[in-house]
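*Asks:* Predicted model and sequence follow; I will ask about them next.
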Amino acid sequence: MGCGSLTKKLFKVRKLNTEDAVETKLARVLSTFDLTLLGVGSTLGVGIYVLTGEVARESAGPAVVISFLLAAIASAFAGFCYAEFGARVPKSGSAYVYCYCTVGEFIAFLIGWNLILEYVIGTASVTKAFSTYLDEMVDNKISKFLRSIAPIDSPLLGEYPDFLAFGIVVTLSVCLALGLRGSTTLNNIFTCLNLCVVVFVIVVGAINADPNNWSIPESQVPPWGGEGGFAPFGISGIIKGAATCFYGFIGFDCIATTGEEAKTPKKSIPLAINVNAPLSSIFDAIGWITAKWIVSIGALFGLLPSLMGSLLPLPRIIYAMANDGLLFRSLGKVSERFQSPLLGTVLSGFFTGIMAMIFNLSQLIDMMSIGTLLAYTIVASCVLLLRLNELFILFLQGLGVGSDGILSTVQRSFLHRARSLVIAAAMSCVVYVPNDIADGNPWAVAVLAVLVSVAVLLLCVIAIQPKSKQKLYFQVPLIPLVPAVSIAFNLYLMLMLDPVTWIRFGVWLAIGILIYFTYGIRNSVLNNIQRSYTLSKETVSTSFGEFTDKY
């Protein structure tokens, strides 16, 4: 296989066909209200009950509120991009599908493979938090018992096998595999109860608010607690905390993966702080025992919809990749009776349960955000590229060249190079700003200025092109500014994650690349179309619906 042929296979792009995309084997049972509460439940559970204590203790201190604010801003920009793609391609698979339609198969596989890891770890983290809250409520009797019968002596794993967490994940996976309708009703009820608990925490917390808690005196700072004050770990601690908090805002990604089960997808689409149970431990510390129990029980109800919001997208991503031939086909089979990917749901739940059983909460949290940030970066890049494709198509058609909205090889090459320059400039800015620029290094300032100029110039070129006339229920405003800001935010937060996280991430990617080149590329429906097109020009049915090769 020649280099050119391999490149063509790796970066072959799926043609958007929104009419065929409406067809699906999955049951369309989710209303706009269901989707909204699914996203809210996912965000509230992880953000409030899992990340708050961990980030405040390890990274930001009282400045954890700033970390959440930064993460929320970055998530808002990413959410705009997800919303547009949800209107364009209402299919299960989230960022995986979006990338397949814009930047090519190999990048899409890496994003999908990465999202599998993130949702496995995210679900395991929420499950671990659920079992820990329950353990705290019974005075740690569960953990003491499990530690006594099956201790684990390894720094890389937890202190004991958490069979409770394993059972929770497997049970919920079976429920989801049997269909969404009943599971969604329970999710809506638990999310509403969770909102009531959040209001209770805000009101009761405000009554006991102490301004002195916003700053830690140096005399009270433990050896591992930084330098005291509002931000004991400095600006870098706040940013690092924001990178971790980012996972708390994955609600819209969860919504995006249910595109094929929405009724109207185009329109609807925790020492000083107890890390394990931060909110309940606060009320325990001030002697409000009743409030402690209300919050603890509420946390359990709050974590259930978050658990569902983390577990639900996982088999949907696997379903999309399996249907496209990139993963084993059996994982994408849909049960005719339950209209859900039965085998994929059960197996992904079993694997997630193993992760929750053998790792502790802190280890899981450290691995959560990097893949999500990468996926959001690629989605923003896809919006930029897709709009650029549309704009050049309009321009070329106005000149009487181009056919059926398809660009020539030379024109595609130009678009990919322009996009790569924008992303490279943004990445370089992120790399240099916290290091050499902060030290006032002249050559670094000059390099940064050049890179920023190139990025701004390319973005301006995009901005002055004719506007697309395609009508969608939602389009990202202020193109190309919003996607560019989203890319910069996400890349900066990624680079603030610790090296161990990057090493784990690299190992997972290496496994995925091995799978792709030994199985995926040989069984890819899209590449099989390419091989057969010259003989029959046949139309092939894939997870996107009917697809005709027009590369």
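*Replies:* Nice, I can see it.

*Asks:* Now Phe106: which helix or strand?
*Replies:* helix 105-137 (DSSP states H and E).

*Asks:* pLDDT (mean, whole number) over that helix?
*Replies:* On average, the pLDDT along helix 105-137 is 83.

*Asks:* And for stretch 474-489?
*Replies:* 80.

*Asks:* Stretch 244-260 too?
*Replies:* Stretch 244-260 comes out at a mean pLDDT of 54.

*Asks:* go on, stretch 157-176?
*Replies:* 84.

*Asks:* try stretch 313-324
*Replies:* The model assigns stretch 313-324 a mean pLDDT of 83.

*Asks:* Okay, strands next: where are they in the stretch 151-300 of the chain?
*Replies:* Using DSSP state E, counting those that start in this stretch, no strands are assigned anywhere in the stretch 151-300 of the chain.

*Asks:* Domain-wise, how is this protein divided?
*Replies:* 30-376, 408-464, 526-551 (automatic domain parsing).

*Asks:* Below-threshold pLDDT in the stretch 351-500 of the chain: ranges please.
*Replies:* Across the stretch 351-500 of the chain, residues meeting the criterion (pLDDT under 70) sit at 361-363, 365-366, 368, 386-441, 443-444, 448, 461-473.

*Asks:* Now do the helices in the stretch 1-150 of the chain.
*Replies:* 3-10, 18-21, 32-44, 52-55, 64-88, 95-100, 105-137, 141-149 (DSSP state H, counting those that start in this stretch).

*Asks:* Including distance to Phe474 and mean neighbour count, could the ones you listed go into CSV?
*Replies:* C-beta coordinates here come from the backbone N, C-alpha and C atoms, glycine included. Listed next are these as CSV, based on distance: least, CB to CB, whole Å; neighbours: other CB atoms under 10 Å:
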stretch, distance to Phe474, mean neighbour count
helix 3-10, 31, 12
helix 18-21, 14, 15
helix 32-44, 13, 22
helix 52-55, 31, 26
helix 64-88, 5, 22
helix 95-100, 14, 30
helix 105-137, 21, 26
helix 141-149, 46, 14
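
*Asks:* nearest to Gly344, of these?
*Replies:* helix 105-137 (10.5 Å; CB to CB).

*Asks:* got the angle for that closest one vs helix 141-149?
*Replies:* Interaxial angle, helix 105-137 versus helix 141-149 (axes from the mean of the first three to the mean of the last three CA atoms, to 10 degrees): 100 degrees.

*Asks:* Got the confidence number for Arg504?
*Replies:* 80.

*Asks:* swap that for Phe350, sorry
*Replies:* Residue-level pLDDT assigned to Phe350 equals 90.

*Asks:* Would you check that it makes contact with Ser173?
*Replies:* Yes: if you go by CB atoms under 8 Å, Phe350 and Ser173 touch, sitting 7.2 Å apart.

*Asks:* okay, these two: which has more neighbours?
*Replies:* Counted by other CB atoms under 10 Å, Phe350 and Ser173 do not tie: Ser173 has more neighbours, with 24 against 13.

*Asks:* which SSE is Thr372 in?
*Replies:* Going by DSSP H and E, Thr372 is in helix 369-398.

*Asks:* same deal with Arg316?
*Replies:* In the assignment (DSSP H and E), Arg316 maps to helix 313-323.

*Asks:* Show me what that helix packs onto, helices and strands only.
*Replies:* With contacts taken as 3 or more CB pairs under 8 Å, 6 or more residues apart in numbering; DSSP states H and E, helix 313-323 sits against helix 95-100, helix 105-137, helix 251-256, helix 342-358.

*Asks:* got the angle for it vs helix 105-137?
*Replies:* Going by the same axes, to 10 degrees, helix 313-323 makes 160 degrees with helix 105-137.

*Asks:* Only C-alpha atoms, please: export helix 313-323 in CSV.
*Replies:* Provided in CSV are the C-alpha atoms of helix 313-323 (Å, rounded to 0.1, in the frame of the first residue of the first chain):
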residue,chain,number,x,y,z
PRO,A,313,-23.1,7.5,26.0
LEU,A,314,-20.5,4.7,26.3
PRO,A,315,-22.4,1.9,24.4
ARG,A,316,-23.7,4.5,21.9
ILE,A,317,-20.2,5.4,20.9
ILE,A,318,-19.2,1.8,20.7
TYR,A,319,-22.4,1.2,18.6
ALA,A,320,-21.5,3.8,16.1
MET,A,321,-17.9,2.7,15.7
ALA,A,322,-18.9,-1.0,15.4
ASN,A,323,-21.5,-0.2,12.8
